[in-house]
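S.K.: here's my sequence, what's the structure:
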Amino acid sequence: MVLFIQNQTIRYKPINKSKTVNKKHLILSLLLAFVARFSYAQTQPEGNVLTLQQALNFAANNNISIQQSKLDEQGAEYRINETKGSGLPQLNGTGQVSVYPSIPTQLLPGEIIGQPGTYVPVKFGQKYNVSGGVELQQLIFSKSYFVGLEAAQTTRDLYRLRTQMSTEDVIYNVSSAYLQALQTKEQFSTIDANYKRLTQLEKILQLQYKNDFAKKVDVNRITVNKTNLENQRQTLAAAYEQQKNALKFFMGMPIEQPIEIADSTTLTNTALPLTTNANEILTQRSDFQALQTQKKLYGLNVENIKGRAFPTLAGFGQYTYNAQRQQFNFFDTNQPWFNTFVLGVQLNIPIFDGFQRRNQIKQAELDVKKTELDIQNLTLSTQMGLDNALKQINTSQLAVQNQERNVQLAQEVYNTTNSLYKEGLSPLTDLLEAEVSLREAQTNLNNERLKYKIAQLDYIKARGELKNLIQ
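M.R.: Numbers count the residues shown, from 1 in each chain. Have a look, this model is predicted:
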């Protein structure tokens with residue numbers, strides 16, 4: 001005796017054609033027709049559907065790391081202006097009020113009062129003294145100043161490159177998080193579809209069992225498999241929410257804002273074979289350019305320290321007013337004020353500094369050498385990244401093709417086994433095994449597609465072309 005559903009109709013091959021059995025068939029047909037129309041609706045949280053391009057554009061404007069890098073870039077402009085300002089005229093105002101409770105005394109030769117051989121104590125000055133004026137200084141020559149100005153402008157380039165590096169890091173993190181969330185979403189859809197099939201089959205078997213057309217052990221098998229899938233669904237649903245939170249974090253989006261990701265995405269139409277020579281692509285990588293700029297900056301630091309051994313020349317001018325009183329009556333316009341005007345130049349020639357400058361130069365030269373080693377290390381790292389990404393792309397391409405064939409074969413096996421089961425020619429265990437094999441093939445295909453897209457992302461990163469994803 002076999003019961004199966006086809007286009008919501010019941011076909012039944014009875015062994016016993018009694019009226020009791022026919023009555024059971026009528027009741028069972030109505031119930032099964034209702035079950036066949038039942039669909040399990042999986043509700044997803046409401047939110048805006050976000051494509052990868054939209055996520056990257058949002059991150060470019062809202063990510064905190066990028067905003068911090070842009071602030072550093074603005075700070076570099078202020079440092080350049082600060083350095084320039086040290087070469088402009090420096091004007092300062094001065095003022096001083098002095099009170100002498102005891103006026104200083106000096107000894108003068110007695111000859112001035114007709115007492116040779118003696119000294120006469122004389123007090124010089126007044127009890128109250130006030131002076132005020134302005135002082136102007138202008139740097140005329142300093143080698144350190146000109147080197148420092150070039151270093152400040154180089155710092156601007158360095159911070160600009162660091163902003164690009166921060167942007168590329170964000171692009172990579174957002175893309176990677178998006179792809180992982182997409183893979184989890186696709187895996188959830190696969191598990192959900194299998195869960196729905198088992199739910200339908202479980203209801204059918206429960207009806208069959210209630211009408212003595214199925215065994216209890218078959219119902220239990222279905223229930224166990226459905227429970228396992230339900231656990232996987234819950235785990236994937238939780239992982240999906242966590243991955244969306246990570247995506248929102250990299251984007252700079254509030255965690256509480258609901259979003260949904262698109263059902264599919266592409267990174268680039270990358271054609272093989274691809275270049276594997278790191279030297280051909282290093283110049284377009286922002287981190288390589290940043291290291292070159294850092295090396296130049298350290299070299300300028302060496303020149304700046306050496307420049308301190310050169311003489312410096314500056315001009316100055318002072319214009320002051322001062323007055324001295326026995327009483328504090330400086331606001332009395334009838335009392336005199338005296339002015340002083342001085343112009344001059346000042347030359348400073350370093351002679352000996354206790355070998356401080358020599359040791360500072362040695363330290364700065366070590367920074368240059370360490371940066372050269374960083375450049376060598378980046379070259380090796382880039383070569384390794386290119387080779388690994390290309391190998392993974394080739395491997396994943398073949399794996400995806402193989403897994404696609406596996407899914408097709410597993411789907412054919414499942415469809416055939418399902419038809420045989422409905423005809424009573426295949427046991428339930430074969431159907432369950434076919435369902436598991438189909439699910440595993442679909443899971444493996446999702447995993448290989450993720451590996452392929454991540455390999456593409458790594459290759460784009462190794463080439464220094466991540467910024468192209470946001471254009």
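S.K.: for Lys296, which non-adjacent residue is spatially closest?
M.R.: Thr154 (5.7 Å; Cβ to Cβ, 6 or more residues apart in numbering). (Each C-beta comes from the backbone N, C-alpha and C, glycine too.)
S.K.: show me what the one helix or strand the one you found maps to packs onto, helices and strands only.
M.R.: Here Thr154 is covered by helix 143-210, with elements defined by DSSP states H and E. Packing partners of helix 143-210 (3 or more Cβ pairs under 8 Å, 6 or more residues apart in numbering; DSSP states H and E): strand 3-6, helix 19-37, helix 52-62, helix 64-85, helix 216-251, strand 259-261, helix 286-307, helix 428-462.
S.K.: pull the CA atoms of the fourth one into CSV?
M.R.: Extracted C-alpha coordinates of helix 64-85, given in CSV (Å, rounded to 0.1, in the frame of the first residue of the first chain):
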residue,chain,number,x,y,z
ILE,A,64,35.4,56.7,11.7
SER,A,65,39.0,55.6,10.6
ILE,A,66,38.6,57.5,7.4
GLN,A,67,37.3,60.6,9.1
GLN,A,68,40.3,60.5,11.5
SER,A,69,42.7,60.2,8.6
LYS,A,70,41.1,63.2,7.0
LEU,A,71,41.5,65.2,10.2
ASP,A,72,45.2,64.2,10.3
GLU,A,73,45.4,65.4,6.7
GLN,A,74,43.9,68.7,7.7
GLY,A,75,46.4,68.9,10.6
ALA,A,76,49.3,68.5,8.1
GLU,A,77,48.1,71.7,6.4
TYR,A,78,48.2,73.5,9.6
ARG,A,79,51.7,72.2,10.3
ILE,A,80,52.9,73.5,6.9
ASN,A,81,51.5,76.9,7.7
GLU,A,82,53.1,76.8,11.1
THR,A,83,56.5,76.0,9.6
LYS,A,84,56.1,78.8,7.1
GLY,A,85,55.1,81.2,9.8
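S.K.: buried residues in it?
M.R.: Within helix 64-85, the residues that count as buried by 16 or more other Cβ atoms under 10 Å are 65-66, 69-70, 72-73, 76, 80, 83.
S.K.: tell me the one among the residues you listed nearest to Thr417.
M.R.: Ser65 (52.7 Å; Cβ to Cβ).
S.K.: if we can go back for a sec, can you state the direction angle for the helix holding Thr154 and helix 428-462?
M.R.: For helix 143-210 against helix 428-462, the angle by axes from the mean of the first three to the mean of the last three Cα atoms, to 10 degrees is 170 degrees.
S.K.: give the rounded mean pLDDT of helix 143-210.
M.R.: What helix 143-210 shows for mean pLDDT is 90.
S.K.: how about Ala389: what's its closest non-neighbour residue?
M.R.: Per Cβ to Cβ, 6+ apart, closest to Ala389 is Tyr459, 3.8 Å.
S.K.: thinking that neighbour is in contact with Ser396, fair?
M.R.: No. If you go by Cβ atoms under 8 Å, Tyr459 and Ser396 don't touch, sitting 11.1 Å apart.
S.K.: quick one: the helix holding Thr154 to chain centroid distance?
M.R.: Between the centre of helix 143-210 and the centre of its chain there are 11 Å (Cα atoms, centre = their mean, to the nearest Å).
S.K.: could you check the angle that helix makes with helix 52-62?
M.R.: 140 degrees.
S.K.: from Asn388, how far out is the closest residue in space to Phe249 that isn't next to it in sequence?
M.R.: Of all residues not flanking Phe249 in the chain, Ile255 sits nearest, at 7.0 Å (Cβ to Cβ, 6+ apart). As for Ile255, its distance to Asn388 is 33 Å (criterion: Cβ to Cβ, to the nearest Å).
S.K.: of the two, who's got more company?
M.R.: Per other Cβ atoms under 10 Å, whichever of Ile255 and Asn388 has more neighbours is Asn388, with 14 against 9.
S.K.: hmm, the more buried one is touching Asp458, no?
M.R.: Yes. The pair Asn388 / Asp458 is scored as a contact, 7.2 Å apart, by Cβ under 8 Å.
S.K.: quick check: Arg463 touching Thr283?
M.R.: No. Counting by Cβ under 8 Å, Arg463 does not reach Thr283; the two are 11.3 Å apart.
S.K.: those two - which one has more neighbours?
M.R.: Neighbour count, other Cβ under 10 Å: between Arg463 and Thr283, Arg463 has more, with 22 against 10.
S.K.: report the separation between that one and Ser69.
M.R.: Separation of Arg463 from Ser69 (Cβ to Cβ): 22 Å.
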